[in-house]
Each structure stands twice: as structure tokens, then as C-alpha cells.
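>>> could you look at this predicted model? Sequence included:
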Number of protein chains: 6
Amino acid sequence: MPSNAPSWTHLDEKGRLKMVDVSDKAPTWREARAVGRVRMAPETLKRILEGEVAKGNVLEAARLAGIMAAKRTWELIPLCHPIPLTAVEVSFEPDEDLPGIRLQSRTKTCDRTGVEMEALTAVAHAALTIYDMCKALDRTMCLEGIRLVYKSGGRSGTFAVSDEA
Amino acid sequence: MPSNAPSWTHLDEKGRLKMVDVSDKAPTWREARAVGRVRMAPETLKRILEGEVAKGNVLEAARLAGIMAAKRTWELIPLCHPIPLTAVEVSFEPDEDLPGIRLQSRTKTCDRTGVEMEALTAVAHAALTIYDMCKALDRTMCLEGIRLVYKSGGRSGTFAVSDEA
Amino acid sequence: MPSNAPSWTHLDEKGRLKMVDVSDKAPTWREARAVGRVRMAPETLKRILEGEVAKGNVLEAARLAGIMAAKRTWELIPLCHPIPLTAVEVSFEPDEDLPGIRLQSRTKTCDRTGVEMEALTAVAHAALTIYDMCKALDRTMCLEGIRLVYKSGGRSGTFAVSDEA
Amino acid sequence: MPSNAPSWTHLDEKGRLKMVDVSDKAPTWREARAVGRVRMAPETLKRILEGEVAKGNVLEAARLAGIMAAKRTWELIPLCHPIPLTAVEVSFEPDEDLPGIRLQSRTKTCDRTGVEMEALTAVAHAALTIYDMCKALDRTMCLEGIRLVYKSGGRSGTFAVSDEA
Amino acid sequence: MPSNAPSWTHLDEKGRLKMVDVSDKAPTWREARAVGRVRMAPETLKRILEGEVAKGNVLEAARLAGIMAAKRTWELIPLCHPIPLTAVEVSFEPDEDLPGIRLQSRTKTCDRTGVEMEALTAVAHAALTIYDMCKALDRTMCLEGIRLVYKSGGRSGTFAVSDEA
Amino acid sequence: MPSNAPSWTHLDEKGRLKMVDVSDKAPTWREARAVGRVRMAPETLKRILEGEVAKGNVLEAARLAGIMAAKRTWELIPLCHPIPLTAVEVSFEPDEDLPGIRLQSRTKTCDRTGVEMEALTAVAHAALTIYDMCKALDRTMCLEGIRLVYKSGGRSGTFAVSDEA
């Protein structure tokens, strides 16, 4: 590989797994945002949207699941560091053109390592929970476009891409 | 809604959240399979594939993460039942045309409810872990096409769709 | 003590802690119901009840917390057995005379030991979550009357008391 | 509502659930104390008190359960922040007039948010564990008076009420 | 390797990790026993033994930790199956000749796979907890001889060796 | 006891369990290293070493298990504090003379209390996972010599002993 290529952070020089030693990094504010979509049959989305309570409760259950999983990212992703998050947000936007639900998350902390995985984990679990809530209506739903759209803080600086799907 | 429309299983008649009471169902063999993809820059995939050890360890870490998360699905997805899985498999297929990694999972149990969420959770966590392992090389990776391709057992019978993306 | 007094199940003959060995018991259907109350200032209850969405979301968050904790009872209460619950229900009844919220839970399984602790854990966590949701409005809330009102199944048979506070 | 009424911290302006973003708060020392009671039949308390070892082990098991649960409060209460506690104490006082056991807890940390829920969770789990330890002797035990009696630190300052039941 | 050599259960034919698919095995009663030792300075053991309460509480805390960890073995050991244990016992024998504490565990279930790892996990966590309780007195303690001494049930039949160290 | 003897940190003056209140300690850098061995039959070690992939995957699975458990030490060891680790390393050295595998771990954080238990927990879980991976080949494996070899930071200063078995 070219000598200026970025190197593996989770593999040592022999390719063995390793957790990054972040002891030498200073704690700084870190933020991340991720997005994703649950694509579903038009009737499934219609069913969610036709009842105000149903819509509220499907999405609130998904929101809680996303928030709760984000806090446990370090338990679930083997080489992540334990991070005491100061903020986790999960939001939803039904989209009849998709058709389905668009998801956004935002995570924040002041620590020695970033919160990108926390943001992605929040979206993934909120999306899985939407699937669970609706799967008796529609087994063909699909989780799509789960990706990072923003991160700031840390040595590698700011990353930002369009959050449009 | 038409009277023969499938009904919500996780919302009661007033739209409140509920866990399904499966006490009246008989334990039967249940199996599920899910798929997904991690799309990445061509160079990222090349980096994974160029070292036999690196490739092995990225994918083995992702496999363990997927298996371990599948076992904890009921902790993570709020209205899932605790299920003692008898099998969890996670497999990978690098695809230079994608480019990226294709993921498949299979879960099995003999219980009163299905293991679809366990299969989806396995794929989602394996994919998140691939993201984590490679994120220093490529922040634009995207989790795509996470969906159920097969389930059998239980009152609703067998569901099967093509597992091609 | 009189020889017919009930004996400790979680202490051995020398008073040391023990988990009950339930290997010799047959799996039978077990059900339990518990109740409890969160007493609060009249204005706190009014605030919860005045907004349909607020009321819904405070109670739905508490319901999910109660259900999720019930599934993890065996992790939290040191000498409980792991039990795959087939049903967990948590319900609420605002009571302006209390004033506050009354809580009920129901748990069910087919196993070698009962689900009383699961029912009590569901109520306790739903009540703690109501406290958390409302604590910025009212720090004087009080969790009261958390107790078992019904259990059936197992060697000790059925227990039932009035569920009125 | 009057404009100076305290506002929901866990609901946004549309009533949707949210975790408080504490990023802008400074870490300060936070302490909280909670109390509660397990009321039981006079003979149940007598049985606990008549054996020094039994009494010790019932209460020590309850103490460990309370301490261990307090550390996991953020996993259990959906919108709590992860907090690295610097101290958790749980203590007990048998009371023949109740009759039953009185419980007290104290939690402490230096962080951006308070430890009230941690103190309440400690008492609730210690009380549930006493119930579990003694339930073969007495199913009519009742968890009562679980409430906050003190908190200090943070923007809202000190709160203190009598810890007498 | 000779064709009759036992084969890897957790590696597939290409050496990749796998969880055993136990779906085809019948549930049968499985039991396992493990032992271990915590060797310590003579004065450390003396300090534990000189106070009846201290001795009781050090060992009871270790016992609870061992029991609680055994129940979570499937979360901790990546390729273990979730098993609803019907019994977990942890016992201790101070030994002045060692000097130190000898530990024994017993686990039992009726399932498709064995409980050896649960027995070993119980001993390991009880021993780690003894270390934690006494480490301010003695940092040279050593965990030794943690091994299986008995297992029964399942296709591979009964295994038994002397439990003497 | 002599008045200058070190005192129990996890027992109060009456011998009751307690978690240490570390609120008054300043956060400082803490590091710990532990070692251990899995002794096995010569053929078992040979089987591990004869296949490059098998060897890699047995050890990588054990490494991940050790790292993941270290992060959860405070959940597993009842009186440990939650500690956000900045580094966890687990390494292995096959030793044909043992015969078996030697394990080393290193943990690090900047906090008010040390990470000795985290280092020991990492070794114990990596060793348990090696046992699990190889148990179908050899049930006589034994976990030995799990002990602390180094710690620095904190009031009690540096501790270092030879890491040779």
C-alpha cells in the first residue's frame, strides 16, 4: 500500500484485532449524525400514518430502542470504547414517496474518541424496532442507507456529507 | 381498514404498546434468514481483501458481534420475547462489483414465536462491526438491503423471497 | 421455630445464600400479577393528563421500561432463575383522588418456577420511569403499594388478594 | 399552563420523548439519597431477625443487588444518562413497629446530570431482593414509601425533605 | 490428523468461527461441576477467617457474583448458547495449607447443550470477586486450578476426574 | 490485628459489604497488567497450532471475549466502580513446554480508582473462551496462574512482580 494510505486502527501490524489505545488523546467535544431508511409497502406506511396513536407509539418505541441501544454501543460493537454520552437524539420523517420512514440520529460526548458508532447504532436499532412493530403487516420491509452524515471533533476533524438519500 | 387486513400485533385496540402474549402458541421449529450489504469504496474492499489475516479478522470480529447480538435481541428490541436460540450463523461474501461485503444470517429455535428479529439483528450488528473496523479507512460506507429473505414455522407459515440484492 | 413453619428457600441450613434447585419441578403454567402506585402532587398529575401526547408518551415509556426490565429480572435479582416469559403486560390508571398513577402488571410463562418477581420488577421499573419522566416537575413523588396480588401455578398453588390499594 | 411552570425535560415541544442534552452543563458534584420500606408480617420480620446469619445474608444480598442495579440505572431507565458513580451505599434498619425493614441509599458522582434515579433504583432493587429472599415465608409483603429525600448539585440546587416515613 | 481425532466444534471446515447448531439434539438433563482455588498470603486468609462476619460476607459476595455470572455465561463467552439454568451452586472451603480458599460449583439444566462453561464461569467469577474483596490486603493472590471435574448428559456422556487439587 | 495492618476496603467496621467511596480521590492515570495460563494436553495445543486459521480464530475469539468482558467488569464484580477504559489489550503466547497458552492483559484509564480487576477479568474471560473453543478436544484443560503482575497510579502506588509463571 502507498505509505500515506490510512492504516487499520483495529488491527495491529500482524493483522491481529486490537482496541485503540486512546489514552494519549485529549477529551474534546465529539458529535456525530447518522441517517437511514425503512422502506415498506405503501399500505404499511398508510397503516402507520392513519392512526395518530399508532404512529406515535410505533415511532416512540423505535426512538426509545435507538436511544437505549446507543448507550450500549460499547457492549455490542466489540472494539468500541465505553463512552458516557451527553446527548442522543433519534428522529423520524415519514416519506410517502419512499415509501417508508426516514431516520436521523445525533450523538454527542466530551471524550477521547468519537461517537460515530453510537449514532449508527441508534439508527440501526430504531429501524429494527420499526421492523419489529410492523412485521405482522409486512415482511418485505428493508433497512437502507444507514450511514454517517456528519462527525466533528477529534484528530481527524470534521466530516460532512449530504444527508439526502 | 378492510376487515381482513392484518392487524397490529404490538399495539392494542387503543393503539397502546403491547408485547404479544404467546402463551397459547405451541412451540414449533422456527428458522429465519436475513441478508444485508456493506457498500464501501473500492480501495476499502481492496484493503480488506489484500491481507489474508486482515480479511479474516475483520470478518471474524463481525461474525462474533452478529452472533452475540442475535442472542441479546430480546434485550435490545423492546417487545421481543426472550428466545433460547439453538443456532445462529453469520456469513460473508466480498463482492467487488458492489463493491463491498454481502452478509447472510440464519437463526433457529424451537419456541412459541419466530426468530426473524434475531436474524435481522445478527446482520445489522455484523454490518455495524465491519463499519467500525474499517471506519478509519472510509467513512462513506453504507449499510444497505438489510431484510428478511426466509422464515418458516409458526402460524403464519413460510415466507421466502429471493436473497439477491 | 415450629416445625411446620415455611422454610427459607434462598438460605441453606447454615444460613448461606443459595439459588433454589428447581430441576425436580415440572414445567407448568405460571402467572403473576402485581400492582403499585406513583403518588404525586395534584398539579403533576394534571400536567400529565392535560396533553394527550404527553400522557401517552410518559405512560408508553414507562410501559416499555417495565416490560424490558421484567425480561431481565433474573439478571437483576441475584437468586432468580432465567425465565423465558411468554407474556408481560403493564397497564396504568390515572387516579385524581390519589392523586397519581396506579400500575398493574401481568407476567406468564411455562416453567419450573414462578414469575412473581418478574411482575413486581415490571411495576417497579414502570414506576421508576414515571418518576424519571416527571421529576423536573415534582421531586416529592412516592412509589407506594408495590405488591403481588395474584399468582397461580407451581407447588404452592394459587395466591390472590384484593388489588385495591 | 402558567409561563413560569416547570417544563417537561423528557418531552419536546410536540410531546415526543427525548433524552436531555446535558452537553452544556458543567460537571459538578452530585449526591442523592432515597428511602423506602418493605412492610411484612410480624412473623416474617421475626424470622429474619432471629438468626444472625440469616439476617446478615438476606440484607447483604439485598445490598449487593441494590448497588449493582444502581450502577446499571442508565440501562434500565430509558432516558437516563450513563453515569460513572463514585459511591453507592445501601443500608437497612429493621423496624418492629412497621413491621418490616427500612432502606436508605446514597449515590454520588461528578457529572453533568444528577444521580436521583440511581438512588431510587438502588432502594427499589434492594427492596425487591428482600421480597425475593422472603417470599416463600410471606407473599403479602409490600414495597412502600420509595422516594427521594435529598439531592444536591446541579442547576436546580439542593432538595431535602424529612426522611421519616 | 488421524481421522478419528475429535473435531473442532467452534470452527468450520475452513477454520472460521461458528456456533454449534444444536437443533438436532434432544433436550436431556445436563450437569457440570468445576473447581478452582484462590491462593493467598497466610495473613490474608487469617484476616478472612478471624471475623465471622467478614468471612461470611466475603464469601457470600463471591457466591452471588459466581451465581449471577453463571446465568450470563452465554452473553460473555461468544459462542455459548443461551441456557435457562435450573440450578447453580457455588461453595467454598478455606484451606490453611494452601493457604487460601478452595471453590466448587455445580450447574444443571435440561437442554440441548451442556453447562460446563456455566460451571467454570461461576468459579472464575467467585474467585475474581474474592480477589476484589481482599486486594487491598494482598495483591499477590493467584487464581489457580480452575477446571471441570464432572459433567453428565449429552452425546459425549459422563466425564469425571478427581476434584482434588 | 496490628494497628498498621491494611484494612478491608469492601467491608465496613461491622463487616458489612460496601463499595468504596472514591469521590475524594483525584482522577489519575491507572494501568494494570495481569497474566494467566491455559494448560492443555500436548495434542490439543498441537491441533491449535497446526492450522494457521484455526490458531488465529481461536485466539482472536478469546481476545475479543477478554476485551468485551473487561469493559463490563463493573457489571460482573459486585463492588467494582464503572470505569471508562481507554485501553484494553489481550495477548497470547503458545508454549509447548507448558503445554498450553500463556495470556497477558493490559488495561488503562484516567479515573479515581484502579483497573486491576479489569485486567484480571480480561485474562479470565479470554482463558474461559479458549476452554470453550477447545473443550470438544480436551476437557482436562486447566486455568492457572491468573494474577496481577503490575499496577500503577493511585494512592497505593506502583506494584510490580515478575510476570514469569
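Great, that's in hand.

>>> stretch A:53-72 and chain D, any residue contact?
Yes - among the residues of stretch A:53-72, A:60, A:63-64, A:67-68, A:71-72 lie within reach of chain D under C-beta under 8 Å from any C-beta of the partner chain. For the C-beta atoms, the positions are set from N, CA and C on the backbone; glycine is no exception.

>>> buried ones in that stretch, by neighbour count?
A:54-72 (16 or more other C-beta atoms under 10 Å in any protein chain shown).

>>> just stretch A:40-52 next, same as before
Going by 16+ other C-beta under 10 Å, stretch A:40-52 has these buried residues: A:40-41, A:44-45, A:47-48, A:51.

>>> chain center to it: distance?
23 Å (C-alpha atoms, centre = their mean, to the nearest Å).

>>> quick one, strands of chain A?
For chain A, strands defined by DSSP state E occupy the ranges A:28-39, A:87-95, A:100-111, A:142-152, A:159-160.

>>> if I look at the residue nearest to the spatial centre of chain A, how far off is residue A:7?
Against the mean C-alpha coordinate of chain A, by C-alpha atoms, centre = their mean, the closest residue is residue A:120 at 1.9 Å. Residue A:120 is 22 Å from residue A:7, where distance means C-beta to C-beta, to the nearest Å.

>>> got it, and residue A:30?
Separation of residue A:30 from residue A:7 (C-beta to C-beta): 21 Å.

>>> report the separation between residue A:26 and chain F.
11 Å (C-beta to the nearest C-beta, to the nearest Å).

>>> check contacts around that residue.
By C-beta atoms under 8 Å, 6 or more residues apart in numbering or on different chains, the contact list for residue A:26 reads residue A:112.

>>> ok, now the one 4 residues further on?
By C-beta under 8 Å, 6+ apart, the residues touching residue A:30 are A:108-111, A:113-115, A:151-154.

>>> make a markdown table from those and add neighbour count and pLDDT to it.
Converted to a markdown table, the contacts of residue A:30 look like this (neighbours: other C-beta atoms under 10 Å in any protein chain shown; pLDDT from 0 to 100):
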| residue | neighbour count | pLDDT |
| --- | --- | --- |
| A:108 | 23 | 98 |
| A:109 | 24 | 98 |
| A:110 | 15 | 97 |
| A:111 | 24 | 97 |
| A:113 | 22 | 97 |
| A:114 | 27 | 97 |
| A:115 | 31 | 98 |
| A:151 | 23 | 97 |
| A:152 | 17 | 97 |
| A:153 | 20 | 94 |
| A:154 | 20 | 90 |
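
>>> which one of these is nearest chain D?
Of all the contacts of residue A:30, chain D sits closest to residue A:108, with 5.2 Å by C-beta to the nearest C-beta.

>>> what segments of chain A are helices?
For chain A, applying DSSP state H gives helices covering A:42-50, A:52-71, A:73-76, A:116-134.

>>> chain center to stretch A:71-78, what's the gap?
On C-alpha atoms, centre = their mean, the centre of stretch A:71-78 falls 12 Å from that of its chain.

>>> if you average pLDDT over it, what comes out?
On average, the pLDDT along stretch A:71-78 is 98.

>>> could I get that stretch in CSV with only the CA atoms?
The C-alpha trace of stretch A:71-78 is given here as CSV (Å, rounded to 0.1, in the frame of the first residue of the first chain):
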residue,chain,number,x,y,z
LYS,A,71,-25.9,4.0,25.2
ARG,A,72,-24.9,0.3,25.0
THR,A,73,-22.8,0.6,21.8
TRP,A,74,-19.6,-0.3,23.6
GLU,A,75,-21.2,-3.6,24.8
LEU,A,76,-22.3,-4.5,21.4
ILE,A,77,-19.6,-3.5,19.0
PRO,A,78,-16.6,-5.4,20.2
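
>>> any part of that stretch near chain C?
No - judged by C-beta under 8 Å from any C-beta, stretch A:71-78 stays clear of chain C, getting no closer than 12.1 Å.

>>> who touches that stretch?
Identification of contacts with stretch A:71-78 by C-beta under 8 Å, 6+ apart yields A:17, A:69, A:80-83, A:85, A:88, A:117-118, A:121, B:61, B:64-65, B:68-69, B:72, B:76, B:125, B:128-129, B:132, D:74-75, D:81-82, F:64, F:67-68, F:71-72.

>>> residues of chain A that sit close to chain D?
Checking chain A against chain D by C-beta under 8 Å from any C-beta, the hits are A:29, A:60, A:63-64, A:67-68, A:71-72, A:82-89, A:108-110.

>>> mind doing that once more with 7 Å?
Within chain A, the positions lying close to chain D (C-beta under 7 Å from any C-beta of the partner chain) are A:60, A:63-64, A:67-68, A:71-72, A:84-89, A:108.
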